[in-house]
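[1] Mind looking at a prediction? Sequence and model below.
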Amino acid sequence: MMNKTCDNFEELIDLKAAGWLSPEEATALDQHLESCPACRAQADLAESAAGVLAALPAPAAPVIDVASFPSPTPTKPWKWLLIPAAAACLTLVLWVRLLDVSAPSVVGRDPVPVAPRESHAVRALSEAPPTLATYHQALSLPLDDLDRVLEAHDRQIMLYEPGLTLLASHQTL
């Protein structure tokens with residue numbers, strides 16, 4: 001009959017049959033088997049089972065037909081970028097539409113000065129950003145007023161691009 005001491009050696013019996021015990025564990029198990037007939041009977045049974053299993057041929061490795069598997073499709077790593085890129089574009093479009101960033105502002109700078117005798121149209125066009133639409137409207141002004149608008153735009157452009165001017169040289173006829 002097995003007791004609590006036998007419970008400690010039960011796992012070691014199977015490990016000894018498989019040949020996986022360390023020398024110290026094997027010595028301790030052999031000493032127990034000399035004094036315990038129940039564990040000795042279990043050890044004999046495990047030894048015979050291990051002998052039967054060792055006599056069996058090793059199972060053959062399964063044959064896998066690699067040709068039956070579909071070939072891997074090439075991955076497109078850029079596809080995962082489409083959603084974040086579309087979200088960024090949409091955010092930019094909404095930001096531009098809602099905040100109207102078409103008119104640049106310079107923090108800490110005074111607006112471009114305009115002569116007090118200028119008409120309302122000249123003042124409005126001089127303060128407008130230098131765009132094609134502004135220049136199209138300015139073409140209807142007299143030549144002197146057109147020069148004032150272009151000079152005001154030159155001053156605006158000089159704030160952002162110091163080397164660029166609209167009036168490189170102006171000659172009056």
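    Yep, that arrived. Numbering: from 1, shown residues only.
[2] By mean pLDDT, flag the weakest helix or strand of this protein.
    One helix or strand of the chain scores below all others by mean pLDDT, DSSP states H and E: helix 132-138, with a mean of 78.
[3] quick one: buried residues of the following helix or strand past that helix?
    As assigned by DSSP states H and E, the chain's next helix or strand after helix 132-138 is helix 143-160. Under the neighbour-count criterion of 16 or more other Cβ atoms under 10 Å, helix 143-160 has 145-146, 148-154, 156 buried. Bear in mind the C-beta positions are built from the backbone N, C-alpha and C, glycine included.
[4] same thing with stretch 43-50?
    Under 16+ other Cβ under 10 Å, the buried positions of stretch 43-50 are 43, 46.
[5] outside of that stretch, which residues touch it?
    Here stretch 43-50 makes contact (Cβ atoms under 8 Å, 6 or more residues apart in numbering) with 13-14, 16-18, 29, 33.
[6] Farthest-apart pair in the residues you listed, please.
    In the contacts of stretch 43-50, the most distant members under the criterion Cβ to Cβ are 18 and 33, with 16.0 Å between them.
[7] more crowded one of these two?
    Using other Cβ atoms under 10 Å, the more surrounded residue of residue 18 and residue 33 is residue 33, with 20 against 12.
[8] Quick check, that one in contact with residue 39.
    Yes - the pair residue 33 / residue 39 is scored as a contact, 5.6 Å apart, by Cβ atoms under 8 Å.
[9] Name all residues that sit in contact with these two at the same time.
    Between them, residue 33 and residue 39 share the contacting residues residue 9, judged by Cβ under 8 Å, 6+ apart.
[10] what residue ranges in the chain score low on pLDDT?
    Scanning the chain with the threshold set as pLDDT under 70 gives 1-2, 100-118, 160-173.
[11] domain parsing for it?
    Following automatic domain parsing, the chain resolves into domains at 4-54, 103-173.
[12] Can I get those in a markdown table including distance to residue 71?
    A markdown table is the format used below for these (distance: least, Cβ to Cβ, whole Å):
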| stretch | distance to residue 71 |
| --- | --- |
| domain 4-54 | 41 |
| domain 103-173 | 55 |
